[in-house]
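Trainee: one predicted model, sequence on top.
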Amino acid sequence: MARIQTESTKEKIKNTLRKNIDKSIISKMCEDGYSASKIAKEFGVSKTTILDRLLEYGLQTLGQIKKNTPSSICSCGKEYRKVSSGKYCPECKYQEIKKLRKQVKIDLVEYKGGNCEICGYNRCIEALEFHHKEPNEKDFSISSNFKSMDKMKKEVDKCLLLCANCHREEHFKIRDE
């Protein structure tokens, strides 16, 4: 019976602590760079209790501020949270990568002569593909990798530039052998 009494007394003390977390003290701790976990440890309560108090008092830890504050503005005018050294929001970054990949393909197609090495097709660059002559000598897939232009050219030297139709026919011949 005494044990049950003790546990209920502990609960009463804990509940009193939860309710009596002074706003000025918790505010000062936030300003001093304390995390919610560290504040909870200092008060002897759970992190959830501290997060509830922060919300109730309209306060944030530095970590919460960093997570919730856009740290940069993209050239398109959108605010975004800067995760790395990039200068674009995710949408613009995707568009920039897309442009870069297209330019790399244009440069590599021009490097290989600009037309299908079997039939001479050259009307649509999207229909031109690189076919590795010896698949076991392939270091990487050209379409899905960004390397230096020298490395890309070195890999393209192991390839034939083919239109989509001739490329499929080449693979059909390989499967049939």
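Mentor: Sure thing, it's come through. Numbering: from 1, shown residues only.
Trainee: would you map out the domains in this structure?
Mentor: For the chain, whose domains are defined here by automatic domain parsing, the residue ranges read 12-69, 96-176.
Trainee: least confident of those domains, on average?
Mentor: If those are sorted by mean pLDDT, domain 12-69 sits at the bottom with a mean of 78.
Trainee: return the distance of that domain from the chain's centre.
Mentor: Put simply, domain 12-69 sits 30 Å off its chain's centre (Cα atoms, centre = their mean, to the nearest Å).
Trainee: what ranges do the helices span in the protein?
Mentor: With DSSP state H as the criterion, the chain has helices at 2-19, 23-31, 36-43, 47-57, 62-68, 90-111, 149-156, 164-176.
Trainee: buried residues in the fourth one, which are they?
Mentor: Yep, that's helix 47-57 we're talking about. Within helix 47-57, the residues scored as buried using 16 or more other Cβ atoms under 10 Å are 49, 50, 51, 53, 54. C-beta here means a position set from N, CA and C on the backbone, and glycine is covered the same way.
Trainee: these two touch, right, the second one and residue 25?
Mentor: Looking back up the chat, that one is residue 50. No: at 11.5 Å, residue 50 and residue 25 do not qualify as touching, with contact defined as Cβ atoms under 8 Å.
Trainee: just checking, residue 37 touches residue 47?
Mentor: Yes: in this structure, residue 37 is within contact of residue 47 by Cβ under 8 Å, at 5.2 Å.
Trainee: what touches both of those two?
Mentor: Counting by Cβ atoms under 8 Å, 6 or more residues apart in numbering, residue 37 and residue 47 have no shared contacts at all.
Trainee: for residue 75, which of the domains of the chain is the nearest?
Mentor: domain 96-176 (10.1 Å; Cβ to Cβ).
Trainee: residues near residue 166, how many?
Mentor: Using other Cβ atoms under 10 Å as the criterion, residue 166 is surrounded by 21 other residues.
Trainee: tell me the contacts of it?
Mentor: Counting by Cβ under 8 Å, 6+ apart, residue 166 makes contact with 116, 118, 119, 121.
Trainee: roughly how far apart are residue 167 and residue 174?
Mentor: As defined by Cβ to Cβ, to the nearest Å, residue 167 lies at a distance of 11 Å from residue 174.
Trainee: apply the buried test to the contacts of residue 166 and list what passes.
Mentor: Burial by neighbour count, 16+ other Cβ under 10 Å: within the contacts of residue 166 this picks out 116, 118, 121.
Trainee: okay, now the residue lying closest to the first one once chain neighbours are set aside: neighbour count?
Mentor: Leaving aside its sequence neighbours, residue 116 sits nearest to residue 163 (Cβ to Cβ, 6 or more residues apart in numbering; 4.0 Å). Neighbour count for residue 163, taken as other Cβ under 10 Å: 21.
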